[in-house]
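S.K.: generate coordinates for the sequence data below:
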Amino acid sequence: QVQLVESGGGLVQTGGSLRLSCTVSGRTNEYLLAWFRQVPGKKREAVTAYLDINGNTYYTDSVKGRFAISSDNARNTLFLQMYSLKPEDTAVYYCAARRGGTATNVVSYNAWGQGTQVTVSS
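M.R.: Numbers count the residues shown, from 1 in each chain. Model prediction:
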């Protein structure tokens, strides 16, 4: 099992930046990690994810060139660096872990953090 705890959300103006962190504990080397987000009334969507153990990544089109996923294995921490934030990026952001399946599919993920709110004001 793995446990995930996000931090770093908050309120930022359009064009600003934020970095989210996700501390991972447990059997971390068995899992691939990702960031999802969800707006009330909409489906949870994959923002960015590690596709495999080689570090290949996925980004949803709307964040390409603005967001970056990274990890510090020594500290068991996953990051999401967000630049040039837009009001449409406002959502609850979740980190998630999977052992297999499809990187962009919610049902592939075995563990979730509690979420952290990101609000981008116009």
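S.K.: quick check on the residue nearest to residue 60 when sequence neighbours are not counted: phi, psi?
M.R.: Of all residues beyond its chain neighbours, the one nearest residue 60 is residue 47 (5.7 Å), with distances taken as Cβ to Cβ, 6 or more residues apart in numbering. Bear in mind the C-beta positions are built from the backbone N, C-alpha and C, glycine included. Backbone dihedrals for residue 47, given as degrees, to the nearest 10, come out at phi -90, psi -50.
S.K.: same check on residue 30?
M.R.: phi -100, psi 0.
S.K.: excluding chain neighbours, what is closest to it?
M.R.: Of all residues not flanking residue 30 in the chain, residue 99 sits nearest, at 5.8 Å (Cβ to Cβ, 6+ apart).
S.K.: what do you get for residue 48?
M.R.: Spatial nearest neighbour of residue 48, excluding adjacent residues (Cβ to Cβ, 6+ apart): residue 69 at 4.3 Å.
S.K.: so that neighbour is in which element?
M.R.: strand 67-72 (DSSP states H and E).
S.K.: other SSEs contacting that strand?
M.R.: Counting by 3 or more Cβ pairs under 8 Å, 6 or more residues apart in numbering; DSSP states H and E, the packing neighbours recorded for strand 67-72 are strand 32-38, strand 45-50, strand 57-59, strand 77-82.
S.K.: with distance to residue 23 and mean neighbour count added, can I get those strands in TSV?
M.R.: Compiled in TSV, the helices and strands packed on strand 67-72 are given as follows (distance: least, Cβ to Cβ, whole Å; neighbours: other Cβ atoms under 10 Å):
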stretch	distance to residue 23	mean neighbour count
strand 32-38	11	22
strand 45-50	16	21
strand 57-59	20	16
strand 77-82	6	20
